[in-house]
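S.K.: sequence isn't available, so here's the structure alone:
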């Protein structure tokens, strides 16, 4: 009988295996840059396509990661949370609940505005990374050119030039929006609140992914709605199987999700899941309120599609703003409400009438002539590098057993600490050291994430690294 021989490894597999061995042996350390694709092609005597295949394989194994405009780096070996570790839900526990935000979360959130603290608690951008001078010049020029209009109200749907610029950008999101499909809002949270009001009545249930952005809970409570928390994982987002289960058992008024780089997990829903989500909700005529405020901050070359790209019934209300990428203080957001367009415009006219004119003019000018794409590429590059620095520091300073997400975009990471670490107590102790953090209790109506916290990676400096060292020491004292 002829002896069986193992199938020889393909050339790209051989290159990947050699690099993997070098990483395992410590020739390349976590956070260290490896040779570029062309450099490795020369060194290994193989084609560029072969090296690309090898690097893709190593990326899939999460041994290396690409950073925009920078190259490939060895990943930190810090373990990542998984869906079970983050969300210990059982299906029988997935039931609608009323929202009652206590005084503690409100007090914690207030500390995020204290500029004397190291800003690890909030989720806003570092102003040093924003085009402040250029925006200021554009704001001044726009108000000079439109001196009368700048002190008058725009139509409730917003400034036409701004809506045209947003509509042009919708192609990158996989959509085809027109200016008349868009309503300008005072930030993304106004867009979310308008969408909740347009789709739900008091007593209805809103399905969300947990852990959830705490401002969503505030809006849901204020509107007298119930919440149905669905488990999500740091890589792919909300579980569609559990959502389907929940739809069969509960009457859901709307879903509220952040498919692209969710806050606080940083998860990115795969395109096939986005399509499946749109189809599932369409079958049951359930609206989806899609928050895409982090959508432009992908660490990959291509921007991720929105769920709106797969919407065939006008059931997706796409919400976003420029608060995370351009100017938080300008409060310029927008909503594409689909079939709820008329209702949203009525609500906008009723409550806030319109959005401030001067800031709309400035953002419209920046989108048209200010090099927004170039600015966002630089921001993505900075955030990708800073997420890696945070992960490396967490691995160095925090207690054994700490897990941290590895987001593919955005500016937050989620930590799961050993069970003995109460992050509310950690928050109190960190505050005495002049450090702000966001403990896990902010991100759910339950007490489920008591050993978790979210950190803002938009800021990086020696002070930030020292703060991480202090947090790690405080955490270790609680183990």
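M.R.: Everything's here; your move. This structure is a prediction, so every number in the text was calculated from the model and none was measured.
S.K.: how about the contacts made by residue 161?
M.R.: 361, 364, 365, 368 (Cβ atoms under 8 Å, 6 or more residues apart in numbering). Bear in mind the C-beta positions are built from the backbone N, C-alpha and C, glycine included.
S.K.: can you rerun that using 6 Å?
M.R.: residue 364 (Cβ atoms under 6 Å, 6 or more residues apart in numbering).
S.K.: what helix or strand is it located in?
M.R.: Residue 161 belongs to helix 160-169 when assigned by DSSP states H and E.
S.K.: how about that helix: buried residues?
M.R.: For helix 160-169, burial by neighbour count (16 or more other Cβ atoms under 10 Å) applies to 161, 162, 163, 164, 165, 166, 167, 169.
S.K.: pLDDT on stretch 302-312, on average?
M.R.: On average, the pLDDT along stretch 302-312 is 94.
S.K.: again with stretch 216-225
M.R.: Here the average pLDDT along stretch 216-225 is 94.
S.K.: endpoints of stretch 107-122, how far apart?
M.R.: Across stretch 107-122, the terminal residues are separated by 13 Å (Cα to Cα, to the nearest Å).
S.K.: how about stretch 124-139?
M.R.: For stretch 124-139, the first and last residues are 21 Å from each other (Cα to Cα).
S.K.: list of residues touching that stretch?
M.R.: 324, 327, 328, 362, 365, 366, 375, 379, 382, 458, 459.
S.K.: which non-adjacent residue is nearest residue 224?
M.R.: Spatially, and ignoring its direct neighbours in sequence, residue 224 is nearest to residue 202 (3.7 Å; Cβ to Cβ, 6 or more residues apart in numbering).
S.K.: counting neighbours, what do you get for that neighbour?
M.R.: 8 (other Cβ atoms under 10 Å).
S.K.: is it true that it touches residue 226?
M.R.: No: using Cβ atoms under 6 Å, residue 202 is not in contact with residue 226, being 9.7 Å away.
S.K.: now the nearest residue to residue 434 once chain neighbours are set aside: how far from residue 470?
M.R.: Using Cβ to Cβ, 6+ apart and skipping residues adjacent in sequence, the residue nearest residue 434 is residue 117, 5.4 Å away. Residue 117 is 12 Å from residue 470, where distance means Cβ to Cβ, to the nearest Å.
S.K.: likewise residue 259?
M.R.: Taking Cβ to Cβ, one finds residue 259 at 35 Å from residue 470.
S.K.: read off the pLDDT value for residue 39.
M.R.: Value for residue 39, per-residue pLDDT: 90.
S.K.: which element is it on?
M.R.: Using DSSP H and E, residue 39 falls in helix 37-44.
S.K.: list the buried ones in that helix?
M.R.: 37, 40, 41, 44.
S.K.: any regions of the protein where pLDDT drops low?
M.R.: Applying pLDDT under 70 to the chain flags residues 1-9, 68-69, 77, 82-92.
S.K.: need the longest helix for it.
M.R.: helix 372-397 (DSSP state H).
S.K.: from the chain's centre, how far out does it sit?
M.R.: Centroid separation for helix 372-397 versus its chain: 13 Å, with Cα atoms, centre = their mean, to the nearest Å.
S.K.: next helix or strand past that helix?
M.R.: According to DSSP H and E, the helix or strand after helix 372-397 is strand 403-404.
S.K.: so what are the sheet partners of that following strand and their directions?
M.R.: strand 412-416 (antiparallel) (DSSP bridges).
S.K.: how does this structure divide into domains?
M.R.: 11-74, 101-128+374-476, 131-371 (automatic domain parsing).
S.K.: nearest to residue 81, out of those?
M.R.: Among these, the nearest to residue 81 by Cβ to Cβ is domain 101-128+374-476 (4.4 Å).
S.K.: quick one: end-to-end length of that closest one, please.
M.R.: With Cα to Cα as the measure, domain 101-128+374-476 spans 30 Å from end to end.
S.K.: what separation is there between the closest residue to residue 402 other than its chain neighbours and residue 234?
M.R.: Nearest non-adjacent residue to residue 402, counting by Cβ to Cβ, 6+ apart: residue 417, 5.5 Å away. Separation of residue 417 from residue 234 (Cβ to Cβ): 15 Å.
S.K.: try residue 331
M.R.: Distance, residue 331 to residue 234, by Cβ to Cβ: 30 Å.
S.K.: more neighbours, the two?
M.R.: residue 234 (25 against 18).
S.K.: hmm, the more buried one is touching residue 404, no?
M.R.: No: contact criterion Cβ under 6 Å: residue 234 and residue 404 do not qualify, at 9.2 Å.
S.K.: can you check which residues contact both of these two?
M.R.: Here residue 234 and residue 404 have no joint contacts, going by Cβ under 6 Å, 6+ apart.
S.K.: circling back: between the buried residues of helix 37-44, which is nearest residue 146?
M.R.: Taking Cβ to Cβ as the measure, residue 146 sits nearest to residue 37 out of the buried residues of helix 37-44, at 48.2 Å.
S.K.: could you check the angle helix 160-169 makes with the longest helix of the chain?
M.R.: For helix 372-397 against helix 160-169, the angle by axes from the mean of the first three to the mean of the last three Cα atoms, to 10 degrees is 60 degrees.
S.K.: other SSEs contacting helix 372-397?
M.R.: Using 3 or more Cβ pairs under 6 Å, 6 or more residues apart in numbering; DSSP states H and E, the elements in contact with helix 372-397 are helix 462-476.
S.K.: the helices in the stretch 101-250 of the chain, which residues?
M.R.: Using DSSP state H, counting those that start in this stretch, the helices of the stretch 101-250 of the chain run over 103-111, 132-145, 160-169, 188-199, 214-222, 240-249.
S.K.: can you list the buried residues in the first one?
M.R.: Think helix 103-111. 105, 108, 109, 111.
S.K.: what's in contact with that helix?
M.R.: If you take Cβ under 6 Å, 6+ apart as the criterion, helix 103-111 is touched by 436, 442.
S.K.: how far off centre is the helix holding residue 39?
M.R.: 34 Å.
S.K.: got the contact list for that helix?
M.R.: 15, 48, 51, 52.
S.K.: got a PyMOL select line for the buried ones in those?
M.R.: Selection of buried members from the contacts of helix 37-44 for PyMOL, criterion 16+ other Cβ under 10 Å:
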select buried, resi 15+51
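S.K.: distance to residue 398 added to the contacts of helix 37-44, as a markdown table?
M.R.: What follows is these, written out as a markdown table (distance: Cβ to Cβ, whole Å):
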| residue | distance to residue 398 |
| --- | --- |
| 15 | 34 |
| 48 | 39 |
| 51 | 34 |
| 52 | 35 |
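S.K.: what's the farthest-apart pair in the contacts of helix 37-44?
M.R.: For the contacts of helix 37-44, the farthest-apart pair by Cβ to Cβ is 15 and 48; their separation is 11.4 Å.
S.K.: residue 339 touches residue 313, doesn't it?
M.R.: No: counting by Cβ under 6 Å, residue 339 sits too far from residue 313 to count as a contact (7.2 Å).
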